[in-house]
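Trainee: What follows is a predicted structure for the sequence shown.
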Amino acid sequence: MTVQVIGSETQAIKATVVKDASQLRQKRMIADHYKRLSTAREDGRKVIYTFVPGNLTELLGALDLLPVLPEINALQSGMRGKSAGYIAEAEKAGHSEDVCSYVKCDLGMQLKGNVGPTGEKLPDPDALLLSYTGCFTFMKWFEILREQYKCPVLMLHVPYQGDGSITAEMRRYVVDQLRNEIVPALEKIAGKKLDEGELSRRLAASRRAEDDLVKVWESGKKRPSPVDGYFGGVYYVGPIFSAFRGTEEAATYYKELRSEVDLRAARGEGPMTPDGPMGKEKYRLVVEGPPCWTSFNDFWHMFSSEGAVVVASTYTRVGGLYDTGFRHDPDDPYGSMADYCLGCYTNLNLPSRVDLLARYVKEYEADGFLVNSVKSCNSFSVGQLQMMRMLQERTGVPGGFIESDLVDSRYFGKANISNRLQSFFQMVEARRARRSA
Amino acid sequence: MNDPAAPALARARELVEDLDFKHVTGWKAEHPGALVVGHLPIYVPRPLFEAMGCLPVTIFGGGDQLDVVRGDSFFQSYICHLPRSTVELGLRGSLDAFDAFVFPSTCDVIRNLSGMWKMLFPKKAVTYLDMPQNFSPELGGRFYAAELRRVAAMLVSCGAKPLESEALAQAIVRENERQALLDELQELRTKEPWRIRASEAYLATRAGTQLPAADHATLLRELLAGFRERPARAYDNARVVVVGSFCEQPPFGLIRTLEQSGCDIVVDDFQLGLTAIRGPIPLREGEDPLDSLTRAFLVQGTPTACRYVGNAPKGEALLTQIRHHRADGVVFLAASFCDPALLDQPMLEKACDGAHVPYTSVKFSENTAQFQPVREQAGAFGDSLKLWGGGGP
């Protein structure tokens, strides 16, 4: 298998393993998208920068607008070993070492010419669509970009589920902003009226993809799990979190992925890893928090080499929480876009996040859960130590805690993380021994 | 000669340094059945709480006077200090007299702390107050009014008086009186910074976050009279604006250090929560006062790092402030790991560069204990402003 890095690059880990058709498809889709972006100006197409959580990809697509996701560019820079230089560039320009490394990586990339992962220059934005779901830093990020690019920001304020639910007022507020401000502003940029039929068709395609993705997640309940729901999972969410939700090619990708996963499950196979097929499944884990992109394969290897598979994770829900029942609805486009924005993982309050994790531990029969706390992301990280305590109390399974960062390699201490993981696996073993005694 | 402002300043300092919130217990004893509502920075609409017979009290953490033991175990090293000492206060029982807690939408840390609080103190009423980042009356305004009604309903369920228009209108009038006095204090400071030091203005203002508006107004009147009456000598110091400490508060010693290093802090944002609305809140005939409160937030809100500025140029408000207060330079004073302030700072610095306004920057934690480097840095900055002159937009 060749492990596909989201983007055009591949890292040949084991030449003997053949790529799945879905992987090849995703690679083509992403390469084509970056190609479209590289010629957007010549082709007269307009470009919107936006964020993963709360993205409105179907709406942008229906208006023939091309999305660029700075978070994805930053994580790709991390995986390609470029983030350290970009962060240094941003810090030289006055940005604090204390703040989000995604922001600094993106700014550094821009200062260095804004060359994307395929080596082609990304076009400047015609507007910045600030979807604001679950993260205050997004607002500051786009205020900074607005200063750089001198283009308008379209703010979609998405209220937080502070009391653990979406109220009618919250939903109405988001729907009304979409209808009265966001859509008219996007129409102006696109130079055409929104075709609501096209939007509904795209939402229907999203729904099909979401159904298939949920089946892929739920396959993690099998023993052995045919998927890794964290390290493998970040590849699975590539199309649906980025520029492709609502397209037929994304729907086809998820259908294909689902049949590949079903086949692996039918054969009793575990997930594929950078080192080839996973050996015997020894530990089933639930993971909270984003991965460390700068040492992604090293990080994954620390788990796979111990027979640890992540059966469910919360990071793979930041761009949409589909396995609790939400689906985009072609018959209620504005309402379901609002529900989508309001329902992303980091827009849930902490008690709801604990509930979700406890549910995953139970339903996926996990042996333990692990928090990877990243320095950059307060939205994720604040409260994780308390969440861990609550989860231990509620589920009885051991919890582990490691610290790293999204794309700042200075915060990835390999030996330290490895030691903590070893201790964690020993805790899981000790619990097993106690239970079988 | 005795300082005529000293007695009131001592009372203000006592309120600011009371980490056991004895004044809250005292207030409750004088107002049986009334609720005390604790809130985190920056802003909550205080008249709403006062109209319901509640005392809103801002919780600024433990500063440099609290030994944080358990609070640290809830937060990673890269998170600011305010939530640590706030959790410490909660766990040591200092906030037991509070009946409800409101966490305004200031940043991701305070937002997540609201959920932590729900889990840590399940018997207390806890809610998150989402301030709109959309300032259209039909969109953000309607949402905000609904948020305020929701919070009011929560307080009623805890035993507060129902929200009534007349009571809210009166609370707004009291708040406007307090605001007028705060403006007076600021005007005096701008005009004669040697007459009222930044540290004194800080105490005078912050004390108000622990008091009903009317009591704060009484204290401010006494202070203003004392400040005006006291003998004062003009110093030839540099005039600076301090920006970035609107949530986690710098240690009092740090403010003193800045003002002793040759800088007159003519304006700052330490207590932004009390000045988050610019000017009086207008009450219109026949209008629901809740709508007045909402409209004031939408159209009179002070630009801050936590408030979306729309497509207006970033830093414009800072440059206006520099002009208005005739400042020579800016001291950026942000708490470590404060995302809003630190992400804002490069944009504000750029605005200063464009207007040829000199600046320097310092980071702190609420429990920072070493002030000598700050003294040297601020001293050198003040000297440079005096030697080569400040800029000015």
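Mentor: Nice, I can see it.

Trainee: residues touching B:Gly115, list them.
Mentor: Under the criterion of CB atoms under 8 Å, 6 or more residues apart in numbering or on different chains, the contact list for B:Gly115 reads A:Gly162, A:Asn349, A:Leu350, A:Pro351, A:Ser352, A:Arg353, A:Gly383. C-beta here means a position set from N, CA and C on the backbone, and glycine is covered the same way.

Trainee: In contact with the residue nearest to it when sequence neighbours are not counted, which residues?
Mentor: Leaving out its chain neighbours, the residue that sits closest to B:Gly115 by CB to CB, 6 or more residues apart in numbering or on different chains is A:Leu350, at 2.8 Å. Residues touching A:Leu350, when contacts are defined by CB under 8 Å, 6+ apart, comprise A:Gly383, A:Gln386, A:Met387, B:Asn112, B:Ser114, B:Gly115, B:Met116, B:Lys118, B:Met119.

Trainee: how about the residues of the stretch 151-300 of chain A that lie near chain B?
Mentor: Applying CB under 8 Å from any CB of the partner chain, we find that the stretch 151-300 of chain A lies next to chain B at A:152-153, A:155, A:157, A:159-160, A:162-163, A:167, A:169-170, A:172-173, A:176-177, A:180-181.

Trainee: Could you list which of these belong to helices?
Mentor: Using DSSP state H, A:Glu169, A:Met170, A:Arg172, A:Tyr173, A:Asp176, A:Gln177 are the members of these that sit in helices.

Trainee: so what's the residue nearest to A:Arg410 when sequence neighbours are not counted up against?
Mentor: Taking CB to CB, 6+ apart, and ignoring the residues beside it in sequence, A:Arg410 has A:Ala84 as its nearest neighbour in space, at 7.7 Å. The contact partners of A:Ala84, by CB under 8 Å, 6+ apart, come to A:Thr294, A:Asp408, A:Ser409, A:Arg410.

Trainee: From those, pick the one nearest B:Lys28.
Mentor: Among those, A:Asp408 lies closest to B:Lys28 (CB to CB), at 47.5 Å.

Trainee: Find me whatever residue is spatially closest to the closest one, sequence neighbours aside.
Mentor: Of all residues apart from its sequence neighbours, A:Ser101 sits closest to A:Asp408 (CB to CB, 6+ apart), at 3.9 Å.

Trainee: Show the backbone phi and psi for the residue nearest to A:Arg410.
Mentor: Dihedral angles of A:Ala84 (phi, psi; degrees, to the nearest 10) stand at phi -60, psi -40.

Trainee: likewise B:Ile265?
Mentor: phi -80, psi 100.

Trainee: Show me what it is bridged to.
Mentor: Beta-bridge pairing for B:Ile265 (DSSP bridges): B:Val240.

Trainee: coming back round to it: neighbour-wise, which of the contacts of B:Gly115 leads?
Mentor: Across the contacts of B:Gly115, the neighbour count under other CB atoms under 10 Å in any protein chain shown reaches its highest value at A:Gly383, namely 29 neighbours.

Trainee: What count of nearby residues applies to the residue of the stretch 251-393 of chain B found nearest chain A?
Mentor: Going by CB to the nearest CB, chain A is nearest to B:Leu343 of the stretch 251-393 of chain B, at 3.6 Å. Using other CB under 10 Å, B:Leu343 is surrounded by 24 other residues.

Trainee: Go ahead and confirm it touches A:Thr137.
Mentor: Yes - in this structure, B:Leu343 sits in contact with A:Thr137. The criterion is CB atoms under 8 Å, and the distance is 6.7 Å.

Trainee: Between those two, which contacts overlap?
Mentor: Overlap of the contact sets of B:Leu343 and A:Thr137 (by CB under 8 Å, 6+ apart) consists of A:Val99, A:Cys100, A:Val103.

Trainee: residues touching the first one, list them.
Mentor: Meaning A:Val99. Counting by CB under 8 Å, 6+ apart, A:Val99 touches A:Thr137, A:Ser376, B:Asp339, B:Leu342, B:Leu343.

Trainee: I'm done for today, thanks for sticking with me.
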